[in-house]
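Novice: dropping a prediction and its sequence here:
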Amino acid sequence: MLQVPFIRQNKALVLERLALKNFKELDLVEEILVLDDKRKKLTLEYDETQAKINAASKEIGKLMAQGQKEEAEARKSEVASLKEKLQPANEELIATEKALHDVLIKLPNLPAASVPPGKTPEENVEVRKGGTVPVLHAGAVPHWDLAKKYDLIDFELGNKITGAGFPVYKNKGARLQRAMIQYFLNFNIDNGYTEFQPPHLVNEASAYATGQLPDKEGQMYFVGEDNLYLIPTAEVPLTNLYRDEILKDAELPVKLTGYTPCFRREAGSYGAHVRGLNRLHQFDKIEVVQIVHPEKSYDVLEEMVSHVEKLVQSLELPYRILRLCGGDMGFASALTYDFEVYSTAQQKWLEVSSVSNFETFQANRARIRFKDGTGKPQLVHTLNGSSLALPRILACILENNQVEDGIRIPAVLQSYFGSDKIA
């Protein structure tokens, strides 16, 4: 959430950056400033009235002690009249504060200065690419055919049990999933991240803190009876481990990783581009989250991008890294890098990771702060990244490593999988 003083002091910049993010409701900025002016005016009036009540109350005590009962009764009548005004004034102030908050949370985070202009994914900027696109044999097929041929994934059975977008992994398909989860977690832990196994359901406050609410309410599965949400990513519970906390400067950076299933409704998703593992309602993902000093967050962002890049490289997959343009960025992000791997059988790039810096946007909502050298609390910066999302990685491993007599397993996964090949 943006801070009102910053909006007031930098109105032109805020409007410019929101426009870069293709945000249409720019009039909300002026509405926020008008509501904040009203809040300040009502606060001043309330405080002045309360001060008069306090002063009169003290005077009543003195008058009574001096035996001036008539004067004391007159002052009591004055206090009663002021108190009658105080209650509706307080109610109006509370209503104005709520209205201000309700408008403020509609504003997305401002894109960083390095975010390129653009409105569509085609306008994202390629930062670099790596790996080699394999040349497949003549009979190569996409992963959904490989899954059926080698009995790895049953999409129809998942549809029977739950519905489309909920596949059943089985046999060596399930084993390969488990191998990737363990390898990805170990890779993160070996690079200084602490592993957590968080809940898969969160409350409204947690979803609000990381920016899922109210922006992505339609994409989240909601358990209405308990007022809980199934997590769309481990970013939500991991970041909320530190909600309402004040850290010491020496405790930064905080580096967290965790494996969870993720649940996304993906309303309106249909067609060939969502076939197989390309887009699911439930999928597994390993996440990395960092909570850092504000002055270091962009260095940390590059460090996290490098970390994910090394992980993708270790899987021997062709990849590219994109810096997202303003119109393709998420609601809470200030700068995002996407990783895509190339699916040779489908002849298309598939997104497998996003690494983002949220600056103070999540920290302000979650009230995550630290004390600097002066002892004054200030907001941290939060960052997160997929490390990695499994479905499309699995799809590309299957497709890019298929040979005429089976599917080769990347070397780094062989000890976890227990074999060098699916045959």
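Specialist: Cool, got the structure.

Novice: give me the buried positions along stretch 68-85.
Specialist: Neighbour-count burial for stretch 68-85, counted by 16 or more other CB atoms under 10 Å, picks out 72, 75, 79, 82. Just so you know, the C-beta spots here come from the backbone N, C-alpha and C atoms, and that holds for glycine as well.

Novice: you'd agree the first one is up against residue 58?
Specialist: Which is residue 72. No. Taking contacts as CB atoms under 8 Å, residue 72 lies outside contact range of residue 58: 11.6 Å.

Novice: pLDDT (mean, whole number) over the helix or strand in which residue 322 is found?
Specialist: Assessed by DSSP states H and E, residue 322 sits inside strand 319-323. The average pLDDT for strand 319-323 rounds to 98.

Novice: helix or strand right after that strand?
Specialist: Counting by DSSP H and E, the next helix or strand C-terminal to strand 319-323 is strand 335-343.

Novice: quick one: contacts of the helix or strand immediately after that following strand in the chain?
Specialist: Downstream of strand 335-343, the next assigned helix or strand under DSSP H and E is strand 348-357. Residues external to strand 348-357 that are found in contact with it (CB atoms under 8 Å, 6 or more residues apart in numbering): 112, 278, 297-298, 300-301, 304-305, 308, 312, 319-320, 330, 332-343, 381, 383-389, 392-393, 395-396.

Novice: strand 348-357 pairs with which strands?
Specialist: In its sheet, strand 348-357 lies beside strand 335-343 (antiparallel), strand 381-389 (antiparallel), with partners assigned from DSSP bridges.

Novice: so for that strand, what gets flagged as buried?
Specialist: For strand 348-357, by 16+ other CB under 10 Å, it's 349-357.

Novice: what does stretch 310-323 give?
Specialist: In stretch 310-323, counting by 16+ other CB under 10 Å, buried: 311-312, 315-323.

Novice: and for stretch 412-423?
Specialist: Residues of stretch 412-423 classed as buried: 412-413, 416-417, 422 (neighbour count, 16+ other CB under 10 Å).

Novice: go on, stretch 194-211?
Specialist: Residues 196, 198, 200, 202, 206-211 are the ones in stretch 194-211 that count as buried (16+ other CB under 10 Å).

Novice: show me how far that stretch is from its chain's centre.
Specialist: The chain centroid and the centroid of stretch 194-211 are separated by 10 Å, computed with CA atoms, centre = their mean, to the nearest Å.

Novice: what is the end-to-end distance of that stretch?
Specialist: 23 Å (CA to CA, to the nearest Å).

Novice: going forward, the N-terminal residue is numbered 29.
Specialist: Yep, numbering from 29; the last one is stretch 222-239 now.

Novice: show me what it is in contact with.
Specialist: 133, 137, 213, 216-217, 241-242, 248, 251, 254-259, 262-269, 271, 283-289, 291, 358-360, 386, 389-390, 393-394.

Novice: tell me the pLDDT of residue 295.
Specialist: At residue 295, pLDDT is 56.

Novice: for residue 96, same thing?
Specialist: Predicted confidence (pLDDT) for residue 96: 73.

Novice: dump the buried residues of stretch 440-451 to JSON lines, plus distance to residue 94, pLDDT and secondary structure.
Specialist: Shown next, in JSON lines, are those (distance: CB to CB, whole Å; pLDDT from 0 to 100; DSSP: H, G, I helix; E, B strand; the rest coil):
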{"residue": "440", "distance to residue 94": "88", "pLDDT": "98", "secondary structure": "helix"}
{"residue": "441", "distance to residue 94": "89", "pLDDT": "98", "secondary structure": "helix"}
{"residue": "444", "distance to residue 94": "87", "pLDDT": "98", "secondary structure": "helix"}
{"residue": "445", "distance to residue 94": "91", "pLDDT": "98", "secondary structure": "helix"}
{"residue": "450", "distance to residue 94": "97", "pLDDT": "98", "secondary structure": "strand"}
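
Novice: in JSON lines, list the residues you listed along with distance to residue 44.
Specialist: As requested, the buried residues of stretch 440-451 are exported to JSON lines (distance: CB to CB, whole Å):
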{"residue": "440", "distance to residue 44": "45"}
{"residue": "441", "distance to residue 44": "46"}
{"residue": "444", "distance to residue 44": "49"}
{"residue": "445", "distance to residue 44": "51"}
{"residue": "450", "distance to residue 44": "52"}
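
Novice: which two in those residues are spaced the farthest apart?
Specialist: 440 and 450 (15.9 Å; CB to CB).

Novice: name the helices or strands packed onto the strand holding residue 350?
Specialist: Applying 3 or more CB pairs under 8 Å, 6 or more residues apart in numbering; DSSP states H and E, one finds that strand 347-351 makes contact with strand 153-158, helix 325-342, strand 363-371.

Novice: can you do 10 Å?
Specialist: Counting contacts by 3 or more CB pairs under 10 Å, 6 or more residues apart in numbering; DSSP states H and E, strand 347-351 is packed against strand 153-158, helix 325-342, strand 363-371, strand 376-385.

Novice: okay, these in TSV with mean pLDDT next?
Specialist: Formatted as TSV, the helices and strands packed on strand 347-351 follow (pLDDT from 0 to 100):
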stretch	mean pLDDT
strand 153-158	97
helix 325-342	98
strand 363-371	98
strand 376-385	97
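
Novice: for these, give me JSON lines that also has distance to residue 128.
Specialist: Shown next, in JSON lines, are the helices and strands packed on strand 347-351 (distance: least, CB to CB, whole Å):
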{"stretch": "strand 153-158", "distance to residue 128": "36"}
{"stretch": "helix 325-342", "distance to residue 128": "27"}
{"stretch": "strand 363-371", "distance to residue 128": "27"}
{"stretch": "strand 376-385", "distance to residue 128": "26"}
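
Novice: which one, of the ones you listed, ends up nearest to residue 48?
Specialist: Of all the helices and strands packed on strand 347-351, it is strand 363-371 that lies closest to residue 48, at 11.8 Å by CB to CB.
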